[in-house]
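Asks: sharing a model that was predicted from the sequence below.
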Amino acid sequence: MPLLLPPGPDLRPSELTYTDGYNSIVSRVQRRRGTGSGGIVIICGVDLDGLLAARILTSLFKQDNVPYQLVPVGGYTDLDIKSREALKSEDLHTLILLSLGSILPLANFFDLPRGVHLHVLDARRPWNLSNLFGIALDEDNDGEESSEGKIWTWGDGNEIKLDSVKKSWETLEYEPDSDSDSDSEVDDEDDEDEDGTGNGHDDEDGEESGGENGNGVHLGKRSRESSSKPKKRRREGERPRKMPRAVREAHVERVSRYYEAGTSFGMSVAQTVYLLATELERADNDLLWLAILAVTHQYVAAQIDRKRYGMFHDLLSDEVVRLNPPVTSREPDADNRRISRSDELRFVLFRHWNLYDSMLHSSYVAARMGIWRERGQKRIQGLLAKMGYSMQECKQAYAHMDLKLKKELPEKLDAIAPEYGLVELEYPSFVRAFGFEVAVMSAADAVEGLTALLEAATGLRLEVEVEGGRGGGEWFGAMRTWSVGGDYSVIERDNAPTEEADVELGKEDKSKQCLSANFWITFDACGDIALLKKSLPLAKALHCAIIRQGTAILDKGTIRPLHKFRFTAVKEGPDLRMFSKPAALARLALWLMDATRDRWTDRETRKGHKVTSLPFVLAVLNEEKRTYTVVGVTGAPEFGDVRKNKFGLAFQQAAHESQVTCNELFDTSVIEIPDVDLQGFMEVLAMRSVTI
């Protein structure tokens, strides 16, 4: 299977890059002119990274007059349905997966017809090793194509660190079919050490090793739907040799460690496609901004650590300088769309909120100051008072604050905030101008707005503040029901949360309909600053719900320490419907983890335990479907660090052992199970042998 790597000076001539993959797609379109838009189907996971990547990729296709279809999917069941529909088309020649597919055994999952190519771009790690190192099918020989499709894997460059894992996987994959357990008839010289195989504990897997694949761990030979699995070619007359048991076990252990190390994230899919755009010399500020948003989202969602974010930030900074040369004029410009580097405060949406509420709803401030207690809120007030900021000033809209106070804010925080444990209040980021519509929009604020639309543009009934409501005036404290409005009124009405509609359409279909509607609204907001600005009150409402629910959990003391992780279940409350959605639930879990990090780390340290991670499981009841949405997160003892998440494999194994029927999502650390099965599932999970 062709592995495509990022462009770079160290690539060997035989190695393929993103440009090779893209040119293959375009050339196949040119050879099949007249097939219509069904020739290329893009199946995109409903997450922000995939959506941003789809915006960039479709922009490139439009420039090349390449027709395509874009189909959003929310899980494996949906993927199976949509891919089967696409594969039925005789016009189809290219299937592209965005932000999904890395952990699937693609050659088995997709029954690719003759001449159909599959491209997979996914930031989730680990890769299913068959997608990286499997035999490349559908190679053109004298202009002829084989009967099976070709799979193109778009990597991020870290795959070259997997040499030892590759050797072990290939050894097991192409092992002779005969019984390999017997050590007889094998000469000692055949037992040579293959790239450190004899040292089964050398971890040479690189940063991206870790995790499980979507269909369970596949070690060695895998069962195939077809008996035509290609084997590694042997020299003519070469006799198949059986593998000694000790050697085989060493290979199995190495591959097992790769899958069981935990899931993580590599380079974002949007950044991958942006690198393609730079190689094609088509990069512009619009595409760069989308890549910046994807990397920012990875960081604020704790998918990548500070070191990885810093590396990506530096690369994007170079692009910002290249595409945004200095200007001499300071006159306002309606067409100004410049991107600039900036230092971003860790206060949620502070430019579009008020300073006090922004600090109150920041997970970093919550963790350091314990804002769920009255004492913690008074500490925030004390910090602001020591800085010389009155509460009246801090509770009015930030846009209306005294200019001098706003200008001095970073400097005063730098001087006084460390006394309150707030030592990392800034991180390097970017802002963009939008002419007269919005003076400036930070990457973090844009991510908040887009994430809110993706989670709750339709399908939920949420109360949001009237703009300027907390800033005083006649609308002080006024609230209204969120509505996207405008051209989306019909879509919004069709997806309104009503019992009658749920009965008529079916709750499962209703959920999928909302998922698709939210995807397209968010997709449009990427290029519509008015819609993006309109989403910010919704983003604030979601943060208020997180604080409200998180505070209730901490006040009730319902978090229980189990054998290997902490656990709590939420069965009641005004926000159940919202937190039954996986993305919102994951955000709540991360907030709880941040809020309790220091307390649990100190407790374990006093017991004499070495704290390397803080695993936490949160379950929320979906009253309509009578299911629990369960998420597992693995926090690091230090803010800004990230640990690989081992809950994906643990969830699969616990569901299998407890015989629970579950709905699997692309994020393997989230699972949906019937409410009656939660107790049994958690009992098995708590006793899992996998070290979480």
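Replies: That came through fine.
Asks: CA only for contacts and neighbour counts going forward, please
Replies: Fine.
Asks: so what's the residue lying closest to Val71 once chain neighbours are set aside scoring on pLDDT?
Replies: Spatially, and ignoring its direct neighbours in sequence, Val71 is nearest to Ile43 (4.8 Å; C-alpha to C-alpha, 6 or more residues apart in numbering). pLDDT recorded at Ile43 is 98.
Asks: just checking, Ile43 touches Tyr76?
Replies: No. Using C-alpha atoms under 8 Å, Ile43 makes no contact with Tyr76, being 11.6 Å away.
Asks: which one of the two has more residues nearby?
Replies: A side-by-side neighbour count of Ile43 and Tyr76, using other C-alpha atoms under 10 Å, places Ile43 first with 24 against 18.
Asks: tell me if I am right that the more buried one is in a helix.
Replies: No. Counting by DSSP: H, G, I helix; E, B strand; the rest coil, Ile43 is not found in a helix; it is strand.
Asks: remind me which residues of this protein are low pLDDT?
Replies: For the chain, the stretches with pLDDT under 70 are 34-37, 136-149, 177-241, 467-477, 489-490, 492-508, 689-692.
Asks: ok, then the element right after the longest helix seen in it?
Replies: The single longest helix within the chain, with elements called by DSSP state H, is helix 582-606. Sequence order places strand 614-622 as the next helix or strand after helix 582-606, per DSSP states H and E.
Asks: the next helix or strand after that next one pairs with which strands?
Replies: The helix or strand immediately downstream of strand 614-622 is strand 627-635, counting by DSSP H and E. When pairing is defined by DSSP bridges, strand 627-635 lines up against strand 614-622 (antiparallel), strand 670-674 (antiparallel).
Asks: partner residues bridging the residue nearest to Val71?
Replies: In beta-bridge terms (that is, DSSP bridges), Ile43 pairs with Val71, Leu97.
Asks: contact partners for it?
Replies: Counting by C-alpha atoms under 8 Å, 6 or more residues apart in numbering, Ile43 makes contact with Leu70, Val71, Pro72, Val73, Leu79, Lys82, Ser83, Leu95, Ile96, Leu97, Leu98.
Asks: what is the neighbour count of the third one?
Replies: Counted with other C-alpha under 10 Å, residues neighbouring Pro72 total 24.
Asks: which residues are in contact with it?
Replies: By C-alpha under 8 Å, 6+ apart, the neighbours of Pro72 are Ile43, Cys44, Gly45, Val46, Ser516, Phe519.
Asks: chain neighbours aside, what residue packs nearest to it?
Replies: Take Pro72 and drop its neighbours on the chain: the residue closest to it by C-alpha to C-alpha, 6+ apart is Cys44, 4.8 Å away.
Asks: verify the stated contact: that neighbour with Gly101.
Replies: No. Using C-alpha under 8 Å as the test, Cys44 is too far from Gly101 to be in contact (10.0 Å).
Asks: more neighbours: those two, which one.
Replies: Gly101 (27 against 24).
Asks: now the longest helix of the chain: buried residues?
Replies: Judged by neighbour count using 16 or more other C-alpha atoms under 10 Å, the buried positions of helix 582-606 are 582-597, 600-601.
Asks: likewise stretch 321-338?
Replies: Neighbour-count burial for stretch 321-338 flags Arg338 (criterion: 16+ other C-alpha under 10 Å).
Asks: and for it, what's in contact with it?
Replies: The contact list for stretch 321-338, computed with C-alpha under 8 Å, 6+ apart, reads Asp284, Asn285, Ile339, Ser340, Arg432, Ala433, Phe434, Gly435, Phe436.
Asks: restricted to helices, list the residues you listed.
Replies: Using DSSP H, the subset of these located in helices is Asn285.
Asks: now neighbour count and distance to Asp675 too, for the contacts of stretch 321-338, in TSV please.
Replies: Listed next are the contacts of stretch 321-338 as TSV, based on neighbours: other C-alpha atoms under 10 Å; distance: C-alpha to C-alpha, whole Å:
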residue	neighbour count	distance to Asp675
Asp284	16	49
Asn285	17	48
Ile339	25	48
Ser340	16	49
Arg432	21	45
Ala433	19	48
Phe434	19	47
Gly435	15	51
Phe436	12	51
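Asks: want to throw the contacts of stretch 321-338 into CSV with distance to Pro113?
Replies: Formatted as CSV, the contacts of stretch 321-338 follow (distance: C-alpha to C-alpha, whole Å):
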residue, distance to Pro113
Asp284, 37
Asn285, 39
Ile339, 45
Ser340, 47
Arg432, 45
Ala433, 47
Phe434, 46
Gly435, 49
Phe436, 52
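Asks: now do the helices in the stretch 51-200 of the chain.
Replies: 76-87, 106-109, 129-133, 163-173 (DSSP state H, counting those that start in this stretch).
Asks: which other residues reach the longest one?
Replies: For helix 76-87, the external contacting residues (C-alpha under 8 Å, 6+ apart) are Gly38, Val41, Ile43, Val71, Val73, Leu92, Phe110, Leu112, Pro113, Glu664, Leu665, Phe666.
Asks: determine which two of the residues you listed are furthest apart.
Replies: Taking C-alpha to C-alpha, the two most distant members of the contacts of helix 76-87 are Gly38 and Glu664; they sit 28.1 Å apart.
Asks: returning to that earlier point: and which of the contacts of Ile43 is nearest Leu172?
Replies: Checking those against Leu172 with C-alpha to C-alpha, the nearest one is Leu97 at 27.7 Å.
Asks: how about the helices of the stretch 451-600 of the chain, start to end?
Replies: Using DSSP H, counting those that start in this stretch, helices in the stretch 451-600 of the chain cover 489-494, 499-505, 507-525, 529-534, 536-556, 576-579, 582-606.
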